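Trainee: next one to model:
(one chain, ligands or ions: 1)
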Amino acid sequence: MSRRIPLLPLRDIIVFPNMVLPLFVGRERSIKALEAAMAQDKEVVLSAQKKAKTNEPSADDIFRVGTVGIIDQLFQLPDGTVKVLVRGKQRVKIEGYQENDAYFEVEITPIQDFIDPAKDVAALMKQLRETFEAYVALNKRIPPEMLSLVAKIEEKAEDPARLGDTIVAQLALKLRDKQEILENEDVLQRLEKLDTILKEEIDILQVERKIRTRVKKQMEKSQKDFYDNPQNKEMGGDPNEFKNEIDELEEKISQKAMSDEAHDKLSRELKKLKMMSPMSAEATVVRNYIDWVISLPWDEVTEERLDVAEAHQTLEDDHYGLDKPKERILEYLSVQSLVTEHKGPILCLVGPPGVGKTSLGRSIATATNRNFIRLSLGGVRDEAEIRGHRRTYIGAMPGKIVQSLRKAGSNNPVFLLDEIDKMSTDFRGDPSSALLEVLDPEQNSTFNDHYLDLDYDLSKVMFICTANSLQQIPGPLLDRMEVIQIPGYTDFEKLEISKRYLIPKQRKNNGIEDVEVSFAQGAIGRIIGQYTREAGVRSLEREIGTVCRKIARQVVENGKEQEFEVDARSIPKYLGPPRFKHDTIEEEDQVGITNGVAWTQYGGVMLISEASVIPGKGKFIITGKLGDVMQESAQAAMTYVRSRAMNLGLSPDFHQKVDIHVHFPEGALPKDGPSAGITMVTSIVSALTQIPVRHNVAMTGEITLRGRVLPIGGLKEKGLAAHRGGVKTLIIPKDNAKDIREIPKAVRKAMTIIAVDHMDEVLQHALAIENPEVFRARLEKPLLPPDVSIDHVVAGQPVLDDSKVH
Ligand SMILES: Nc1ncnc2c1ncn2[C@@H]1O[C@H](COP(=O)(O)OP(=O)(O)OP(=O)(O)O)[C@@H](O)[C@H]1O
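Mentor: Next comes the predicted model:
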């Protein structure tokens with residue numbers, strides 16, 4: 001829906017939503033625009049000029065994307081200029097300019113933010129918050145209260161767009177860069193971009209700081225020389241205070257239980273500290289070191305216990321379903337309680353995001369009376385992040401393992417190493433080799449952090465790893481783990497999880513526990529089907545949270561006495577228009593459009609392939625996100641189609657007279673591209689023969705040159721995706737028939753699963769042919785009937801004369 005609003009062109013400033021800032025307006029046209037806005041509903045479009053210097057900008061001089069703002073205050077200053085306080089509201093696209101005599105009026109449409117469901121929003125927000133904190137620590141220009149604001153937004157994990165907009169508003173970036181961020185509709189890409197920019201800035205600031213420290217050190221040295229001169233003694237700092245501090249540290253060191261090695265080391269460090277000038281940078285480094293060592297839990301433990309029945313109850317109380325993982329976890333815990341030392345393998349929970357890996361870890365901690373800490377390894381590329389920097393580096397710190405242990409406060413916590421499949425390696429060393437040492441029970445009783453340079457005993461820690469996909473876990477690490485797979489949930493399971501856990505939890509979080517709220521089954525089903533697309537329940541929980549928040553607002557406005565019945569029809573009122581449609585099947589059979597199912601590390605997805613044929617010269621084009629991955633399969637597919645040309649009623653040289661275009665529309669990027677081979681062939685054959693593809697059939701399988709259908713992975717996830725999408729018949733490779741058992745029973749019952757060996761069979765089941773028998777007979781005919789020479793077959797001959805299309 002477009003609207004018309006006055007425009008205020010800005011010089012060198014970009015306003016983001018939620019940003020409040022004063023503007024000084026001097027240009028006559030701009031003042032007129034403001035007056036017009038004040039006369040209407042105080043809204044004005046704020047969009048930057050491409051060049052700040054332009055005095056009389058024309059439509060082409062102004063960016064097409066800006067922000068609608070509300071004028072909160074307006075003052076006329078004595079010199080004729082106007083000061084306005086504006087508040088950014090929403091990104092908008094300028095569709096057209098109407099230049100009237102006095103000012104610009106623009107036609108705008110709001111820009112909808114897009115959140116890629118395949119990405120882990122919470123982790124990205126956390127990462128950006130951390131980077132921002134590191135940046136603020138180096139950059140004193142940014143008010144510290146921004147940190148708490150940013151932390152609050154991140155903690156709620158609901159509004160990634162706001163997080164990005166709040167941070168970008170604080171940065172001094174080039175206009176073009178800011179505009180680019182404003183224009184990007186993909187919220188998570190905006191966050192990633194900001195994260196990169198901040199990291200670059202941090203690098204620069206660190207170099208500057210190093211230089212400053214060096215200069216400061218030199219100054220301190222000359223200062224020390226100055227104080228050391230007896231004549232100047234009386235001007236020095238308070239020596240008593242320093243002595244008290246040293247005494248205090250000495251006391252702490254002697255009282256704290258820690259290894260002998262640590263004791264000795266700290267005594268030596270303390271001796272060094274005594275010799276130093278209290279205000280020197282060196283003294284600060286030594287003090288920091290001593291603080292770190294003292295604050296670690298050397299001897300603090302929580303009393304472990306394990307009552308299997310109780311642990312079972314805790315796991316049941318916190319999670320619905322997940323029978324197999326729960327059973328395996330209990331077996332694991334039982335073994336651990338029988339052996340005195342934890343020398344067994346490490347548990348590794350593998351599954352898509354939001355299936356409860358972290359929360360299972362938390363339950364294990366509760367069940368065994370251990371503290372719980374979580375460390376995300378996503379994006380860790382540097383060995384030093386795990387193991388710390390040597391103290392010779394400026395600003396050195398212990399690595400993340402030691403930092404986390406300090407947070408845990410005991411030396412026997414459950415330590416969840418999240419996303420071990422997302423670590424990467426670069427020139428700074430391989431973090432996975434450091435991690436190997438951490439996890440290896442033979443080595444980890446003497447774990448040596450570079451910063452501490454002391455052995456620390458990690459053998460009492462219970463490590464649990466999580467990953468989205470097995471394939472990406474470094475081999476040596478995988479060897480040491482006991483993998484527990486947690487597949488995605490069916491819609492039925494999601495419904496139950498919502499009813500039993502997510503809705504009560506969100507009602508509590510949003511303070512509407514004691515309000516009459518009921519969620520109809522249909523309402524939850526609609527949220528699952530049309531507002532989320534995921535294997536886990538993370539977005540589902542967020543959407544339910546949004547509904548609860550909106551109810552909370554109504555309660556605040558109108559009192560608690562109302563009853564709220566959330567039914568399927570009312571969902572758009574709470575959550576806006578449905579977000580996902582095309583993950584379900586088409587309503588009618590269509591030529592050239594085939595449903596595939598594919599595996600991604602976030603669970604199964606529907607993957608549609610479209611083919612269309614146009615007169616041409618034999619070009620074969622594949623486009624869409626999957627384009628590159630599919631090139632090789634595409635060649636095999638084409639060879640098969642050409643070898644079957646006669647049987648399909650096509651001229652043998654059909655491929656020279658047409659161009660074929662196959663497209664895989666947007667969607668999550670599957671990891672197993674080739675399994676879309678048979679989907680592509682079906683689309684091509686349908687487009688060439690003009691026989692529609694059955695809309696309620698989906699398929700997966702790789703194809704060879706001769707049309708054999710090869711097995712694929714991830715059948716379970718694919719089955720779930722097909723079921724979610726409303727598929728009635730699922731075609732799978734015969735070699736995968738043994739895996740059908742993995743698909744939940746309810747899903748198996750709801751559809752027919754056909755295992756095939758050859759592409760010919762796929763076509764028989766997938767194409768909407770009235771008489772499949774005739775079609776099969778046709779496919780089984782020898783390739784070239786002996787009495788027909790190639791010359792007799794002409795392009796455009798009647799297609800499959802003996803079978804009818806319905
Ligand atoms: N089976 C279940 N029963 C009850 N609640 C569940 C279940 N599975 C997931 N949840 C809830 O879903 C939310 C997301 O789960 P969690 O954060 O543990 O997912 P995860 O698998 O660890 O994801 P990630 O890998 O992205 O960290 C949590 O609030 C969790 O309590």
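Trainee: residues in contact with Thr302?
Mentor: 369-371, 410, 412-413 (CB atoms under 8 Å, 6 or more residues apart in numbering). (Each C-beta comes from the backbone N, C-alpha and C, glycine too.)
Trainee: sorry, slip of the keys, the one I care about is Thr682.
Mentor: 594, 609, 693, 699, 762-763, 766-767.
Trainee: 6 Å instead, please
Mentor: 594, 693, 766 (CB atoms under 6 Å, 6 or more residues apart in numbering).
Trainee: what about the longest strand in this protein?
Mentor: For the chain, the longest strand by residue count, based on DSSP state E, is strand 82-99.
Trainee: which elements pack onto it?
Mentor: Packing partners of strand 82-99 (3 or more CB pairs under 6 Å, 6 or more residues apart in numbering; DSSP states H and E): strand 20-25, strand 65-76, strand 104-110.
Trainee: next one: phi and psi at Pro572?
Mentor: Here is the backbone geometry of Pro572 (degrees, to the nearest 10): phi -60, psi -30.
Trainee: ok, Leu147 next?
Mentor: phi -60, psi -50.
Trainee: got it, and Val555?
Mentor: According to degrees, to the nearest 10, Val555 has phi -60, psi -40.
Trainee: would you list the helices and strands packed on strand 82-99 in a markdown table and tack on mean pLDDT?
Mentor: Shown next, in a markdown table, are those (pLDDT from 0 to 100):
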| stretch | mean pLDDT |
| --- | --- |
| strand 20-25 | 88 |
| strand 65-76 | 91 |
| strand 104-110 | 90 |
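Trainee: closest one to the ligand among those?
Mentor: Among the helices and strands packed on strand 82-99, the nearest to the ligand by CB to the nearest ligand atom is strand 104-110 (30.2 Å).
Trainee: next helix or strand past the closest one?
Mentor: helix 121-138 (DSSP states H and E).
Trainee: so what's Lys418 up against?
Mentor: That one is not Lys; residue 418 is Asp. Contacts for Asp418 (CB under 6 Å, 6+ apart) come out as 374, 376, 466.
Trainee: in contact with the second one, which residues are there?
Mentor: For Ser376, the contact set (CB under 6 Å, 6+ apart) comprises 418-419.
Trainee: remind me which residues of the stretch 401-550 of the chain are low pLDDT?
Mentor: 425-429 (pLDDT under 70).
Trainee: secondary structure class of the residue in it that the ligand sits nearest to, three-state.
Mentor: Distance from the ligand to each residue of the stretch 401-550 of the chain (CB to the nearest ligand atom) is smallest for Tyr501, at 3.9 Å. Under DSSP: H, G, I helix; E, B strand; the rest coil, the three-state class of Tyr501 is helix.
Trainee: how close does it get to Lys221?
Mentor: Distance of Tyr501 to Lys221, given as CB to CB, to the nearest Å: 62 Å.
Trainee: which bits of the chain sit near the ligand?
Mentor: Residues of the chain lying near the ligand by CB under 6 Å from any ligand atom: 120, 319-322, 353-359, 418, 466, 497, 501, 536-538, 541.
Trainee: against which helices or strands is the helix ranked longest in the chain packed?
Mentor: If you go by DSSP state H, the chain has its longest helix at helix 187-228. Under the contact criterion of 3+ CB pairs under 6 Å, 6+ apart, helix 187-228 touches helix 121-138, helix 160-168.
Trainee: find the nearest non-adjacent residue to the residue of the stretch 101-250 of the chain found nearest the ligand, please.
Mentor: Nearest residue of the stretch 101-250 of the chain to the ligand, counting by CB to the nearest ligand atom: Asp120, 5.0 Å away. Excluding its sequence neighbours, the residue lying closest to Asp120 (CB to CB, 6 or more residues apart in numbering) is Pro353, at 5.3 Å.
Trainee: show me the contacts for the one you found.
Mentor: So Pro353 contacts 120, 536, 538 (CB under 6 Å, 6+ apart).
Trainee: show me the shaky parts of this structure.
Mentor: 1-2, 222-239, 340-344, 425-429, 581-584, 601-603, 626-629, 666-672, 772, 778-806.
Trainee: can I see the domain layout of it?
Mentor: 3-110, 121-202, 246-295, 308-485, 491-575, 593-792 (automatic domain parsing).
Trainee: columns distance to Ile585 on top of these, output as TSV?
Mentor: Converted to TSV, the domains of the chain look like this (distance: least, CB to CB, whole Å):
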stretch	distance to Ile585
domain 3-110	31
domain 121-202	27
domain 246-295	58
domain 308-485	22
domain 491-575	12
domain 593-792	5
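Trainee: residue of the stretch 701-806 of the chain closest to the ligand, please.
Mentor: Pro744 (13.7 Å).
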